[in-house]
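Trainee: Show me how the following folds:
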Amino acid sequence: MAEAKNHEAFVPHASMAASLDAMLNWGTPGYYSLCKAMGEAARPFLRPNARVIDLNARGGDWLEPLLAEASFRCRFIALNATEADKDRCMDRFRMEIHLGDVQEMRRDLCEGVPPITGDVTICALALTHKSEECQRNVLHGVFKHTHKGGAMLLVESSSPENDWREALLEAGFSEVRTIWSSSMAAAWLAIK
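Mentor: Alright, predicted model coming up:
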């Protein structure tokens, strides 16, 4: 498995530093290094017919690299929080949706995790601004709906007030390790 890589050397432009979202927006160096780490971590779980669920697809920004990573047929479910992200996802994956490889849904995570069992669940930049109760419910919901031996990829801010590693262990995951970090964010792989 991939070792945690610290990307402290990446110093974002002053306008980018204002926001974690801006630092990890599609097309930025932070986005590409994070996607590479996520792909390496997810690779062992992307078996034929695996189901990959993205809880905050943002129009497909986090799913697209894993679609490229999976050289065999996996099934992908993209949850989008806004109508604009849903439309962007529909445009980006028009052919994959038509072929049945990608399913798109609109969902607010505070309504709960959909009762869909998955092999890999991605939750990137979706929980930081949610209530503690919502965060806890999402992590427990993902654990409940992950196949034994499956995994969750969590990407969130790396602030001292949020101990995401501990929250993943509390949700029930047996193994949690950091796969990527920067001064503003980190990514964890949690295995059931």
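Trainee: Excluding sequence neighbours, find me the nearest residue to residue 37.
Mentor: The shortest distance from residue 37 to any residue other than its chain neighbours is 3.8 Å, reached at residue 180 (Cβ to Cβ, 6 or more residues apart in numbering). C-betas here are computed from N, CA, C, even on glycine.
Trainee: Look up which helix or strand that neighbour falls in, please.
Mentor: strand 175-181 (DSSP states H and E).
Trainee: so how far is that strand off the chain centroid?
Mentor: Relative to the centre of its chain, strand 175-181 is centred 13 Å away, using Cα atoms, centre = their mean, to the nearest Å.
Trainee: Next, the buried residues of the next helix or strand after that strand.
Mentor: In the C-terminal direction, the helix or strand that comes right after strand 175-181 (DSSP H and E) is strand 185-191. With burial defined by 16 or more other Cβ atoms under 10 Å, the residues of strand 185-191 counted as buried are 185-191.
Trainee: Tell me which strands strand 185-191 pairs with, and in which orientation.
Mentor: According to DSSP bridges, the neighbouring strands of strand 185-191, each with its direction, are strand 146-157 (antiparallel), strand 175-181 (antiparallel).
Trainee: got the CA positions of the helix or strand harbouring residue 166 in PDB?
Mentor: Under DSSP H and E, the secondary-structure element containing residue 166 is helix 164-171. What follows is helix 164-171, C-alpha atoms only, in PDB (Å, rounded to 0.1, in the frame of the first residue of the first chain):
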ATOM      1  CA  TRP A 164     -10.700  12.100  11.800                       C
ATOM      2  CA  ARG A 165      -8.500   9.000  12.500                       C
ATOM      3  CA  GLU A 166     -10.100   8.500  15.900                       C
ATOM      4  CA  ALA A 167     -13.600   9.100  14.400                       C
ATOM      5  CA  LEU A 168     -13.000   6.400  11.800                       C
ATOM      6  CA  LEU A 169     -11.900   3.900  14.500                       C
ATOM      7  CA  GLU A 170     -14.900   4.800  16.600                       C
ATOM      8  CA  ALA A 171     -17.200   4.200  13.600                       C
END
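Trainee: Give me the mean pLDDT for it.
Mentor: Confidence for helix 164-171, expressed as mean pLDDT, is 96.
Trainee: picking that back up, rebuild the buried residues of strand 185-191 as CSV, extending it with distance to residue 45 and pLDDT.
Mentor: Below are the buried residues of strand 185-191 laid out as CSV (distance: Cβ to Cβ, whole Å; pLDDT from 0 to 100):
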residue, distance to residue 45, pLDDT
185, 22, 87
186, 20, 92
187, 15, 95
188, 14, 97
189, 9, 98
190, 11, 98
191, 9, 98
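Trainee: Including mean neighbour count and mean pLDDT, could the strands paired with strand 185-191 go into TSV?
Mentor: TSV is the format used below for those (neighbours: other Cβ atoms under 10 Å; pLDDT from 0 to 100):
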stretch	mean neighbour count	mean pLDDT
strand 146-157	20	95
strand 175-181	18	95
